[in-house]
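A.B. asks: Quick one, what's the 3D model for this:
(one chain, ligands or ions: 1)
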Amino acid sequence: MAYELHYWPEIQGRGEFVRLALEEAGAPYRDVAREGGGEGGGAGALARRLGRLDPEPFAPPVLVADGLVVAQTANILFFLGPRHGLAPPDEAGRLFVNQLQLTIADAVDEVHDVHHPIASSLYYEDQKEPARAKAERFRGQRMPKYLDYFERVAAQGPWLAGAELSYADLSLFQLVRGLQYAFPVAMADLAPKRPRVLALADGVEKRPRIAAYLASPRRIPFNELGIFRRYPELDGRA
Ligand SMILES: N[C@@H](CCC(=O)N[C@@H](CS)C(=O)NCC(=O)O)C(=O)O
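C.D. replies: A predicted model of the protein is given here:
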């Protein structure tokens with residue numbers, strides 16, 4: 001039975017962490033809001049569908065599988081990982097990978113808050129000045145701190161949890177490519193000093209199923225509606 005992914009149809013967003021895991025697993029799934037027909041795709045249909053799920057989730061992404069409704073990105077991956085060989089078999093390993101995923105989620109929240117430092121409900125254009133101040137600190141302090149952390153974790157390699165790939169590696173790939181998209185100048189400064197993180201992202205990108213996915217129309221390009229947005233005024237030396 002195909003998984004049902006419910007997520008905004010026009011962005012990678014947090015749904016992308018789930019898409020990457022499903023793609024690497026080779027698991028059949030429907031990206032429901034991107035389908036036409038029936039109730040139709042799009043944001044309005046997504047909101048209506050989420051309201052009908054039981055238990056009702058607060059926000060997408062949401063995965064529906066075998067009668068289960070699973071929300072919160074890290075929780076969805078915690079569910080998928082052991083089912084598809086994307087998490088360690090032991091409890092300590094699974095908790096560690098979940099911990100890494102939650103750390104990536106924290107970084108993703110901070111990336112979002114760079115362009116929306118006052119409120120998600122306001123346009124970026126209405127919070128450009130605070131965004132500029134936030135971006136400077138993010139580039140100078142938080143980006144290097146996150147990247148350094150993952151560089152240290154990657155030292156045990158070749159993957160974050162050791163010998164086997166986990167969903168945290170797929171998510172770190174997405175974080176790195178997102179940062180390179182949104183902050184190309186800062187990342188040109190920071191990334192070469194974190195070679196293991198870069199090598200890990202390259203390794204994920206070359207995996208056959210991930211490479212096929214990235215080349216397919218299923219991969220939505222980065223854009224300025226998503227979490228990683230390229231606003232040149234927010235980029236600069238780290
Ligand atoms: N912690 C949640 C955050 C979910 C979230 O913020 N989803 C966004 C899209 S990426 C959304 O539509 N939020 C609606 C809202 O917060 O009102 C997760 O990781 O899944």
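
A.B. asks: And the lowest-mean-pLDDT helix or strand in the chain, what does it pack against?
C.D. replies: Least confident helix or strand of the chain, by mean pLDDT, DSSP states H and E, is helix 43-52 with a mean of 89. On a contact count with 3 or more CB pairs under 8 Å, 6 or more residues apart in numbering; DSSP states H and E, helix 43-52 meets strand 3-6. Every C-beta, even on glycine, is put in place using the N, C-alpha and C of the backbone.

A.B. asks: following the strand it packs on, which helix or strand shows up next?
C.D. replies: Where DSSP states H and E defines the elements, the next helix or strand beyond strand 3-6 is helix 15-25.

A.B. asks: Enumerate the residues of this structure near the ligand.
C.D. replies: Contact residues, the chain versus the ligand (CB under 6 Å from any ligand atom): 13-14, 59-61, 72-73, 105.

A.B. asks: quick one: contacts for Pro195?
C.D. replies: By CB atoms under 8 Å, 6 or more residues apart in numbering, the residues touching Pro195 are Glu151.

A.B. asks: before we move on, the earlier item: can I get the residues of the chain next to the ligand in a markdown table with neighbour count and distance to Phe96?
C.D. replies: Converted to a markdown table, the residues of the chain next to the ligand look like this (neighbours: other CB atoms under 10 Å; distance: CB to CB, whole Å):
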| residue | neighbour count | distance to Phe96 |
| --- | --- | --- |
| Gly13 | 21 | 25 |
| Arg14 | 23 | 21 |
| Ala59 | 12 | 26 |
| Pro60 | 22 | 26 |
| Pro61 | 22 | 22 |
| Gln72 | 17 | 18 |
| Thr73 | 26 | 17 |
| Ala105 | 18 | 15 |
